[in-house]
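In: sequence first, then the predicted structure, then my questions.
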Amino acid sequence: MPGIVVGVDGSPNSHRALEWAAQEAAVRQVPLTVLTVHVVPATIWGHNPERYPQDADLEQKAQAKVQELADQTIAALTGAKPESVTVRSISGTPAEELINASSGADLVVVGSRGHGGFAELLMGSVSSQVTHHAHCPVVIVPEAGA
């Protein structure tokens, strides 16, 4: 996935990250990949996530929602548009899938916080893990007013 990869989980911060990534992809004239991850729990035996048949349906629903958000975001851009926009939905763990996607990307963009439960933290666990383990530069888009 050359170009810019942005993680979107439906949170307000991920919407801001998508807007920033779309503008940056337009300026650089590079492809934009919008990645959403249907979270599946790890098995009790190890690290690998446990996938079930219904996960495919949930992935499709997540992709449809994020596709709509991406379409709205791109339509709202004034001036240049990204070279191309691809929306992907996969099942797994968000940090791991974003780190995997970073191996072929020029840049990964995430919001500073997602839907996690520790609002007092400046950076969420996913953005922290991606920052420390990505294979390319990472941009963390802060909360509004931060």
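Out: Nice, I can see it. Numbers count the residues shown, from 1 in each chain.

In: how about the strands in this structure?
Out: 4-7, 32-39, 85-92, 107-111, 138-141 (DSSP state E).

In: reformat these as CSV; add distance to residue 22, mean pLDDT and mean neighbour count.
Out: Placement of C-beta: from N, CA and C, glycine included. Shown next, in CSV, are those (distance: least, CB to CB, whole Å; pLDDT from 0 to 100; neighbours: other CB atoms under 10 Å):
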stretch, distance to residue 22, mean pLDDT, mean neighbour count
strand 4-7, 8, 97, 28
strand 32-39, 6, 91, 23
strand 85-92, 8, 91, 18
strand 107-111, 9, 95, 27
strand 138-141, 12, 94, 19
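
In: can you put the ones you listed in CSV and add distance to residue 57?
Out: Listed next are those as CSV, based on distance: least, CB to CB, whole Å:
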stretch, distance to residue 57
strand 4-7, 21
strand 32-39, 10
strand 85-92, 11
strand 107-111, 26
strand 138-141, 30
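
In: those: which one's closest to residue 20?
Out: Nearest to residue 20, of all the strands of the chain, is strand 138-141, at 4.9 Å by CB to CB.
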